[in-house]
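# Have a look at this fold, sequence not included:
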């Protein structure tokens, strides 16, 4: 692969999006988790449990604020790149992309930025009702943000509701643009992906606090919430992924062919579990296959005919990155299913046997801690399947990516790519470091006054 301006520009945008997508993926579902914590605090008013839920609420509100800040910064950079690296895209599709991005800012970002301050600093300053409303506004803002961004991305995958006049896209029906054929599936899939990402983040960071003896009053409640939500959400996500796959087979069969490594059209196509795609020779080497498995899963008919890559000439994506990204996503999903069900069964059994404050097995805590950022891996792999699988088009079937890239010198793009990559490594390392510090210095609720920060007890302090 030649590192020309097109490839380098794609790599730069992919790097920016890979970094950016990590943070909205957390905030979308974390906002609703905070609403749940707030409701439980109100319902337990006057009991010790109220302080426990409040401790969980304020700790994770600070995590939300930190994540929101990095999401905003990286999102602004992404918007700039539309103009600097992809001016042809905005020139052709700006009539559709511009308003949708604008709606995201007006209806989502303003809600989050306005009401987050009440969540952070409103304790003992506003009523419980106002605090709950603020939490609902922030959670609604994160969901609206996902709604508008996914509406645009889905339209690029399955464009409808437009006409092309002198090479530019114009809207015929905003309803058809927004609610295009793939949008409902992508929105549901993303919301569930966010739910799983947040569930494992909460369970993992809470497990780390218990292992490090820095748990506050709400840590165990947060841990159990994360585990139970993950255990419920993962089977729903598997079902939703199947529905999304059927939709993709209908509208983007070339992507499905790349995912499955189907080089030739065939009936009763085998499902390739593992293998090494050999695009030069048009085959998958060392393949481990299940006969008729692909037709059965994708078309729900073991004898169904699936189109192969040979049907699409040069209008199909590169096979290897799509093939492997899909298997990473599915593999991580299966691991999440196993861990969440094991954790839920263990916690519920111990709760019945020893009560609400039963201690957790250290093996379980270490496993959950190791899975803290597992949602990120699954999210990135799924995003690569979606975006690389759309290639060579930026607007599927209509506009090729090579037609809209800016004519910058390749060395200039390479230099900025390296600079961005270094910055993202530093920022991501800083984010994880701050999360670790926050987990090891949580705030404890007191009957009166603000939350007080605690530090991990030393062996001498524990002995005293």
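Arrived safely, thanks for sending. All values derive from a computational prediction rather than experimental measurement.
# What segments of this protein are strands?
162-165, 168-171, 266-267, 271-278, 283-290, 305-306, 393-395, 399-400, 443-444, 452-453 (DSSP state E).
# Can you flag the weakest of those strands by average pLDDT?
Across the strands of the chain, strand 452-453 has the smallest mean pLDDT, namely a mean of 44.
# Could you measure from residue 47 over to residue 347?
As defined by C-beta to C-beta, to the nearest Å, residue 47 lies at a distance of 22 Å from residue 347. All C-beta spots, glycine's among them, are computed from the backbone N, C-alpha and C.
# Looking at those two, which is more packed in?
residue 347 (21 against 10; other C-beta atoms under 10 Å).
# Quick check: the more buried one vs residue 340, distance?
From residue 347 to residue 340 the distance is 11 Å (C-beta to C-beta).
# Give the residues shared as contacts by those two.
Among the neighbours of residue 347, those also in contact with residue 340 (C-beta atoms under 8 Å, 6 or more residues apart in numbering) are residue 227.
# Distance of residue 143 relative to residue 419?
On the measure of C-beta to C-beta, residue 143 and residue 419 end up 33 Å apart.
# now swap in residue 436 and tell me
26 Å.
# mind listing the helices for the stretch 351-464 of the chain?
362-370, 374-388, 410-440, 459-463 (DSSP state H, counting those that start in this stretch).
# Please tell me how far the first one is from the chain's geometric centre.
Computed by C-alpha atoms, centre = their mean, to the nearest Å, the separation of helix 362-370 from the middle of its chain amounts to 22 Å.
# same for that helix, what does it pack against?
Using 3 or more C-beta pairs under 8 Å, 6 or more residues apart in numbering; DSSP states H and E as the contact test, the elements touching helix 362-370 are helix 183-211, helix 319-354.
# Lowest mean pLDDT across those helices, which one is that?
Of all the helices and strands packed on helix 362-370, helix 319-354 carries the lowest average pLDDT, namely a mean of 89.
# relative orientation of that helix and strand 283-290 in degrees?
Per axes from the mean of the first three to the mean of the last three C-alpha atoms, to 10 degrees, the angle that helix 319-354 makes with strand 283-290 is 30 degrees.
# Against which helices or strands is helix 319-354 packed?
If you count contacts as 3+ C-beta pairs under 8 Å, 6+ apart, helix 319-354 packs onto helix 183-211, helix 219-251, helix 253-260, strand 271-278, helix 362-370, helix 374-388.
# Recalculate using a threshold of 6 Å.
helix 219-251, helix 253-260, strand 271-278, helix 374-388 (3 or more C-beta pairs under 6 Å, 6 or more residues apart in numbering; DSSP states H and E).
# elements contacting the first one?
With contacts defined as 3+ C-beta pairs under 6 Å, 6+ apart, the secondary structure elements packing on helix 219-251 are helix 48-84, helix 183-211, helix 253-260, helix 319-354.
# So for residue 105, which of the ones you listed sits nearest?
helix 48-84 (9.3 Å; C-beta to C-beta).
# Number of residues surrounding residue 335?
15.
# Next one: it relative to residue 192, how far apart?
Separation of residue 335 from residue 192 (C-beta to C-beta) stands at 16 Å.
# and if you look at residue 44?
Counting by C-beta to C-beta - residue 44 and residue 192 are separated by 28 Å.
# any low-confidence regions in the stretch 101-250 of the chain?
Judged against pLDDT under 70, the stretch 101-250 of the chain has no low-scoring part.
# at 80 instead, please
Counting by pLDDT under 80, the stretch 101-250 of the chain shows low-confidence ranges at 107-110, 122-124, 217.
# Contact partners for residue 294?
Contact partners of residue 294, counting by C-beta atoms under 6 Å, 6 or more residues apart in numbering, are 260, 269, 271.
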